[in-house]
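K.L.:
using only what follows, build the 3D model:
(one chain, ligands or ions: 1)
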Amino acid sequence: MRRFLIAGNWKMNTNSESAKSLASDVAAGAGNHTEKVCVLLCPPFPYLALAKEAVNGTDVKIGAQDVYFESPGAFTGEVSVDMLSDVGCFATIIGHSERRHVLGEDDVTINKKVKAALAGGLGAVLCVGELLEERDAGNTETVLDTQMAGGLVDITSEQMEKIVIAYEPVWAIGTGKVATPDQAESVHAHLRNWLESRYNSDVAESTRILYGGSVKANNARTLLEQQNVDGALVGGASLKADSFVPIIEAAADLSTS
Ligand code: PEP
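P.N.:
As a prediction, the model looks like this:
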């Protein structure tokens, strides 16, 4: 049985004070829902340690938004897996659409990051998603298959235990245009089939596939109700406990475990 995961991607937002209070407000609001739902908060690098401190003693986990694949050394501006583990990160987002499309990351780089994260004991939330023109041209599945294959080169079925897939249609991120539950379910089912062909049915059944793209308190439930939607990666609505905690509550409510 896959446990829901609700992850907040704070992107390049917050400051030390708001990061601390947001993390502690979410932890307080999540309360005992964390028995049923995994909650992951991904603040900007400078605030990871203080967010970790703010959630200490709770089951809320802290993750990064990105990582570099090299070991510590002369890589100005980059942050290593060891550093993220050192400040208490549980996982890192990799291949977010903004990194692919704004910062020019390709599947080869993304795969190096996935491999480095796993080798260093961090979990990875691997993001995949199509552009609107790719969807309109009927290429959604081909684009996703390429991103999945590229991001998971050399990743074994055992290593898949530490990987979560996040399906984030680019046209839905930060736009308010959420995928319909049917659109999300159809892609998630496709991704699960892909995992079955590339790995096996155990991996397909156990890997969580999150939906991301304009998830809010008022649409979370119908998305999370879909059979193959195992949680949400939330951007804008994760920046306030008042809009993020209800998403956790919706997942807890739907959770059977
Ligand atoms: C995201 O940043 O991963 C995201 C899905 O953003 P939003 O929820 O704001 O669309």
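K.L.:
could you list the residues of the protein in contact with the ligand?
P.N.:
If contact is defined as Cβ under 6 Å from any ligand atom, the residues of the chain in contact with the ligand are 9, 11, 168, 173-174, 212-215, 233-237. For the C-beta atoms, the positions are set from N, CA and C on the backbone; glycine is no exception.
K.L.:
hmm, try it at 5 Å
P.N.:
Asn9, Ile173, Gly174, Gly212, Gly213, Ser214, Leu233, Val234, Gly235, Gly236 (Cβ under 5 Å from any ligand atom).
K.L.:
show me the contacts for Ala54.
P.N.:
Counting by Cβ atoms under 8 Å, 6 or more residues apart in numbering, Ala54 makes contact with Ala19, Lys20, Ser21, Ala23, Ser24, Ala27.
K.L.:
okay, and the fourth one sits in which element?
P.N.:
Assigned by DSSP states H and E, Ala23 falls within helix 16-30.
K.L.:
what helices or strands is that helix leaning on?
P.N.:
Judged by 3 or more Cβ pairs under 8 Å, 6 or more residues apart in numbering; DSSP states H and E, the packing partners of helix 16-30 are strand 38-42, helix 48-55, helix 241-254.
K.L.:
please report how far Ala166 lies from Leu191.
P.N.:
Note on Ala166: its distance to Leu191, by Cβ to Cβ, to the nearest Å, is 10 Å.
K.L.:
find the nearest non-adjacent residue to the residue of the chain found nearest the ligand, please.
P.N.:
When Cβ to the nearest ligand atom is the measure, the chain has its nearest residue to the ligand at Gly235, with 2.1 Å between them. With Cβ to Cβ, 6 or more residues apart in numbering as the measure, Asn9 is the residue that lies nearest to Gly235, at 5.0 Å, once sequence neighbours are left out.
K.L.:
pLDDT wise, what is that neighbour at?
P.N.:
The predicted structure scores Asn9 at 98 on the pLDDT scale.
K.L.:
give the contact list for it.
P.N.:
Taking Cβ under 8 Å, 6+ apart as the definition, contacts of Asn9 comprise Cys42, Gln65, Ile93, His96, Gly212, Leu233, Val234, Gly235, Ser238.
K.L.:
quick check, nearest of those to Met1?
P.N.:
Leu233 (20.4 Å; Cβ to Cβ).
K.L.:
hang on, that closest one in a helix?
P.N.:
No. Leu233 sits outside any helix when classified using DSSP: H, G, I helix; E, B strand; the rest coil, being strand.
K.L.:
and it, how many residues sit next to it?
P.N.:
Residues contacting Leu233 under the criterion other Cβ atoms under 10 Å number 27.
K.L.:
may I have the longest helix seen in the chain as PDB, with CA atoms only?
P.N.:
With DSSP state H setting the assignment, residue counts place helix 181-198 as the longest helix in the chain. C-alpha atoms of helix 181-198 as PDB (Å, rounded to 0.1, in the frame of the first residue of the first chain):
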ATOM      1  CA  PRO A 181      -8.400  14.300 -12.400                       C
ATOM      2  CA  ASP A 182      -8.900  12.200 -15.600                       C
ATOM      3  CA  GLN A 183      -5.900  13.800 -17.300                       C
ATOM      4  CA  ALA A 184      -3.700  13.200 -14.200                       C
ATOM      5  CA  GLU A 185      -4.900   9.600 -13.800                       C
ATOM      6  CA  SER A 186      -4.300   8.700 -17.400                       C
ATOM      7  CA  VAL A 187      -0.700  10.000 -17.200                       C
ATOM      8  CA  HIS A 188      -0.100   8.400 -13.900                       C
ATOM      9  CA  ALA A 189      -1.400   5.000 -15.100                       C
ATOM     10  CA  HIS A 190       0.900   5.400 -18.100                       C
ATOM     11  CA  LEU A 191       3.900   6.100 -15.900                       C
ATOM     12  CA  ARG A 192       3.100   3.100 -13.700                       C
ATOM     13  CA  ASN A 193       2.900   0.900 -16.800                       C
ATOM     14  CA  TRP A 194       6.200   2.300 -17.900                       C
ATOM     15  CA  LEU A 195       7.700   1.400 -14.500                       C
ATOM     16  CA  GLU A 196       6.400  -2.100 -14.900                       C
ATOM     17  CA  SER A 197       8.000  -2.600 -18.300                       C
ATOM     18  CA  ARG A 198      11.300  -1.000 -17.300                       C
END
